[in-house]
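Colleague: sharing a sequence plus its predicted fold:
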Amino acid sequence: SADLAKKETTITNLKSQLTKKETEIQQTLVKAEREKQQLLGETEKIAEQKAKELAKKQFEDYKKTMDATTALTIKTIEDNAKKLIEQTQIKTKKTIQDGITHFIRITTDLDASLRILVVDQLKHMTDNQIKDIALEISRLKRTMAQMELIIAEYMKNSNKEFKDVNIIDMGLEESIISEHESKEVI
């Protein structure tokens, strides 16, 4: 019975140690679960942070690409607009020059026609033909006086110098002054 008591004491001690070990294991499992949850939380935070960093980097890369694309598009539009303006200016200059050339050709033809009619053919004309020519010359003089007034006003108000052109030397002073005065009276 001493053996039995000894064995029972040993069994009780072993049971006590087993219970103690089970409690320790249980506590270790609880602690491990807490640490696991803590690590999962930290991992989620790290993953979330990494995801934010990746999204930020991708956005910055996308923004750089879009900025470069936008800058290139703006430059292309500006270049095209500049070319269009230059082409328009060239066409405008050509149109103006063509108009001036046409005007010179017409005035030269008009001058020659008037000289032939008045100098060479006047004695062969009827009174009505002479009146028709006189009326047209009068109309041309009025138109010329108006245009000369506009040009003289432009030349006077312009910051440009017109060294080679003097409206008064053209013998137009009288018609410009009288035309200007008649406009003021009206």
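Modeller: Noted; the coordinates are in hand.

Colleague: tell me what the host helix or strand of Leu18 is packed against?
Modeller: For Leu18, the element it lies in under DSSP states H and E is helix 2-115. For helix 2-115, the elements it packs on are helix 127-157, judged by 3 or more CB pairs under 8 Å, 6 or more residues apart in numbering; DSSP states H and E. C-beta coordinates here come from the backbone N, C-alpha and C atoms, glycine included.

Colleague: list the buried residues of the helix it packs on.
Modeller: Across helix 127-157, burial judged by 16 or more other CB atoms under 10 Å covers Ile133, Met144, Ala145, Glu148, Leu149, Ala152.

Colleague: who does whichever helix or strand comes after the helix holding Leu18 touch, helix- and strand-wise?
Modeller: Toward the C-terminus, helix 2-115 is succeeded by helix 121 as the next helix or strand (DSSP H and E). Helices and strands touching helix 121, by 3+ CB pairs under 8 Å, 6+ apart: there are none.

Colleague: low-confidence ranges, this protein, go.
Modeller: 162-186 (pLDDT under 70).

Colleague: center of it, which residue is that?
Modeller: Glu78 (5.8 Å; CA atoms, centre = their mean).
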